[in-house]
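1. need coordinates for the following:
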Amino acid sequence: MRIPASLFVGCFLLACVAGMGTAQVAADVPRDHYAYGAIAELASKGLVKGFPPQGNFWGSRTATRYEMATIIQRVLARVEEITAKRPEGPVVPQPPAPGLTPADLEAVRKLVSEYKTELVVIGADLQKAREAIGELRSVAEAASETASKALSAAGAAQSKTDELAKDFGDLKESYSIGRTEFETLTKDFKAHKLSGYLQARFEASDHFGSALFPENGGAGTTGVNSTGGGVTPGTAGYGFLVRRARLKFGGPVSVRTDYAIQADLTSVGGMAVKDAYISVNDLPFPQRFSLTAGLFAPSFGVEMPHSSSTRESPERAAGFSDSNAALAVFKTPSSTASAAGTATAGAVLPLFAGQDRDTGVAVTWSGPNYNNPNSKVSLGVFNGEGRGSSGVRNNNQAIDTVLRAQTTLMGGNLDLGVSGYYGTLTVRSAAPTGGVSAAYMQGYRMLLGSDIRYIAPFGTTFKAEYAGGVFEASPDRSQYLKGNHAQAWLISAKHPINRRLDLAVKYDEYMPISQSGVRFSNLDRSDYIRKTLQGGLLYYMDEATRFRLWYTRGLTPYDPSAAGGPARARLGLITGEIQVSY
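-> This is a model prediction of the structure:
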């Protein structure tokens, strides 16, 4: 190792001073002197040039003052090096070096002051060192002040942020409350809504020029057609009518309970109440049970409770209908004759005349998917009297029971259902005697039914339904007919020609007397069979408007009791209809 010449000169001058009687001696620095710790601390931060920060800097040995001064000189060299690396231009205050603090700079200054004589001897530029230390101290102090201001600014910013967050929270809460109130009002407005549909028709018999429909409106036959108006043999053979004008209002009144009221206004008969019921969901016993009470549709089969707004044909199949309208091409009795017990030979009424709605209560169990259950079971008890414009009370002195179970398979493409009806119907015990009607009595009505609906892969929907059993009433429902059985069935198909146009066909049979050996008004069961073939087009102009062009053809005589003439003709009915749903 080469030793600088200045070190020799310094040692020589120091020896001369000592020889002249000065107190300075080249003694070791005591091991407990603060300089050891200070330099070790600076060394650990990499501030002793040429020495790594790792390890024990001093070991166990002591150092002389000149060795200590040499180490301090290396510290100063490192400080100078740090100073030289600072960029030109405006200085952004920052710590002078990683780990270098104002306390470290103060330690360097103190060491320089302690060993200034030795540093002069070894040639250290103390003035330059002082300037470097002062500059670094200024930078450190500026950095500290900036950090302090930054912390203060951060605190103020945090306070402002907290204030803004509180204001935002208040605003959000206010918005949330307003939105909740708005949604509640909207929900209430939408929940209680008016809906329904209207069917405006033109009907014409394909025999309107015959004696059944005389131009002068003559007496015609004894038959009386639809309770809702329409083409009637003996009167006009064509005309306009409003077949149905439904207005339904309802909605939820609580989380579990809702209600519905529906009225029907037609061309004939005035306004009638169709629905007036309360529904309660999620009953407080085993899950998925609901209750319906009031005036509503009994769950027997599909054809009878199915809405007329979505059915393919203008009227229900003959045996499943609630009115004479489905029997427009056949002879039907007058209501006064049936009520009096007077038989109308060759006339028929459906199984559920006036009973598309009934008053009672029903409990329904729905499958796991409550909103769209795959399976449902319903059990209801009703008066069995149907409905009337002025209300209907229970005159049977009995309660009718209706049971239905249904399920959906094949991803919704197959529906299966079975139904049962056990009850009575009130009829006259016999024909009038001497102008006096016989007493009423109860006949049994015990029916079983099954139904199926299948949607084929090519889009055609097929439906079939059957109902049959004990029906102790005559075909015109005027008199008691002990042990009588009746049955009805239908099959239909509807195919989409395109997305707006459907083609539909339907065939049905109704046998008000189905077992052999039973006669009424000198006619046997084959005379009373009603067979109908019908079909047409349904055009959906938009989601609310539908046009229907339909033809219904009776395949059995209009009046089987007639010996001949126009009354034994097989009639047809042409129907043009516009329906709007709202």
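2. make it CA atoms for all contacts and neighbour counts henceforth
-> OK.
3. tell me the pLDDT at residue 354?
-> The pLDDT attached to residue 354 in the predicted structure is 84.
4. next: residue 373.
-> Taking residue 373 on its own, its pLDDT is 68.
5. go on, residue 408?
-> 93.
6. that one against residue 415, yeah?
-> Yes. Taking contacts as C-alpha atoms under 8 Å, residue 408 lies within contact range of residue 415: 4.5 Å.
7. now the helices: where do they sit in this protein?
-> 5-19, 34-44, 65-84, 102-114, 116-121, 126-191, 335-340, 525-528 (DSSP state H).
8. how close does residue 266 sit to residue 366?
-> 35 Å (C-alpha to C-alpha, to the nearest Å).
9. for residue 74, same thing?
-> Distance from residue 74 to residue 366, by C-alpha to C-alpha: 91 Å.
10. kindly report the same for residue 467.
-> Distance of residue 467 to residue 366, given as C-alpha to C-alpha: 24 Å.
11. show me which of these two is the more surrounded one.
-> Taking neighbours as other C-alpha atoms under 10 Å, residue 467 and residue 366 compare with residue 467 leading, 24 against 19.
12. who does that one form a beta bridge with?
-> Assessed by DSSP bridges, residue 467 has beta-bridge partners residue 449, residue 488.
13. spit out the contact partners of it.
-> Shown in contact with residue 467 (C-alpha atoms under 8 Å, 6 or more residues apart in numbering): 447-450, 487-489.
14. for these, give me CSV that also has distance to residue 537, neighbour count and pLDDT.
-> Written out in CSV, the entries for the contacts of residue 467 read as follows (distance: C-alpha to C-alpha, whole Å; neighbours: other C-alpha atoms under 10 Å; pLDDT from 0 to 100):
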residue, distance to residue 537, neighbour count, pLDDT
447, 33, 21, 97
448, 32, 20, 98
449, 29, 21, 97
450, 27, 21, 97
487, 29, 24, 97
488, 25, 25, 97
489, 23, 21, 98
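15. low-confidence regions, the stretch 151-300 of the chain specifically.
-> 151, 153-158, 160-191, 215-230, 267-270 (pLDDT under 70).
16. mind listing the strands for it?
-> 193-205, 238-252, 257-265, 271-280, 289-296 (DSSP state E, counting those that start in this stretch).
17. as JSON lines, the ones you listed with mean neighbour count and distance to residue 351 would be great.
-> Listed next are the strands of the stretch 151-300 of the chain as JSON lines, based on neighbours: other C-alpha atoms under 10 Å; distance: least, C-alpha to C-alpha, whole Å:
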{"stretch": "strand 193-205", "mean neighbour count": "18", "distance to residue 351": "25"}
{"stretch": "strand 238-252", "mean neighbour count": "19", "distance to residue 351": "21"}
{"stretch": "strand 257-265", "mean neighbour count": "19", "distance to residue 351": "22"}
{"stretch": "strand 271-280", "mean neighbour count": "19", "distance to residue 351": "19"}
{"stretch": "strand 289-296", "mean neighbour count": "21", "distance to residue 351": "18"}
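18. looking at those strands, which is nearest to residue 362?
-> strand 289-296 (5.3 Å; C-alpha to C-alpha).
19. so which elements touch the closest one?
-> strand 271-280, strand 358-366 (3 or more C-alpha pairs under 8 Å, 6 or more residues apart in numbering; DSSP states H and E).
20. what's the angle from it to strand 358-366?
-> Strand 289-296 runs at 160 degrees relative to strand 358-366, counting by axes from the mean of the first three to the mean of the last three C-alpha atoms, to 10 degrees.
21. what does strand 289-296 contact?
-> 274-283, 357-366.
22. could you do stretch 549-567 as well?
-> 210-212, 221, 313-314, 329-331, 345-347, 523, 527-538, 568-577.
23. list the buried residues for that stretch?
-> 549-561, 566-567 (16 or more other C-alpha atoms under 10 Å).
24. likewise stretch 400-414?
-> Neighbour-count burial for stretch 400-414 [16+ other C-alpha under 10 Å]: 400-408, 414.
25. ditto for stretch 430-438
-> So, applying 16+ other C-alpha under 10 Å, buried residues of stretch 430-438: 430-432, 437-438.
26. how many neighbours does the residue nearest to residue 462 when sequence neighbours are not counted have?
-> Nearest residue to residue 462, sequence neighbours excluded (C-alpha to C-alpha, 6 or more residues apart in numbering): residue 493, at 4.5 Å. Using other C-alpha under 10 Å, residue 493 is surrounded by 19 other residues.
27. begin at 869, not 1, for the rest of this chat.
-> Renumbered: residue one is now 869, and that last one reads residue 1361.
28. what sits against residue 1361?
-> With contact set as C-alpha under 8 Å, 6+ apart, residue 1361 has these partners: 1328-1331, 1372-1374.
29. may I ask which helix or strand of the chain has the lowest mean pLDDT?
-> Least confident helix or strand of the chain, by mean pLDDT, DSSP states H and E, is helix 873-887 with a mean of 36.
30. run a quick neighbour tally on residue 1265.
-> Residue 1265 has 9 neighbours, counted by other C-alpha under 10 Å.
31. before we move on, what about residue 1177?
-> Using other C-alpha under 10 Å, residue 1177 is surrounded by 18 other residues.
32. what does residue 949 give?
-> Neighbours around residue 949, by other C-alpha under 10 Å: 13.
33. do residue 1340 as well
-> Counted with other C-alpha under 10 Å, residue 1340 comes out at 26.
34. what does residue 1343 give?
-> Using other C-alpha under 10 Å, residue 1343 has 31 other residues around it.
35. wait, isn't it in contact with residue 1215?
-> Yes. With contact defined as C-alpha under 8 Å, residue 1343 and residue 1215 form a contacting pair (6.8 Å).
36. got any residues that touch both of those two?
-> Common neighbours of residue 1343 and residue 1215 (C-alpha under 8 Å, 6+ apart) are residue 1396.
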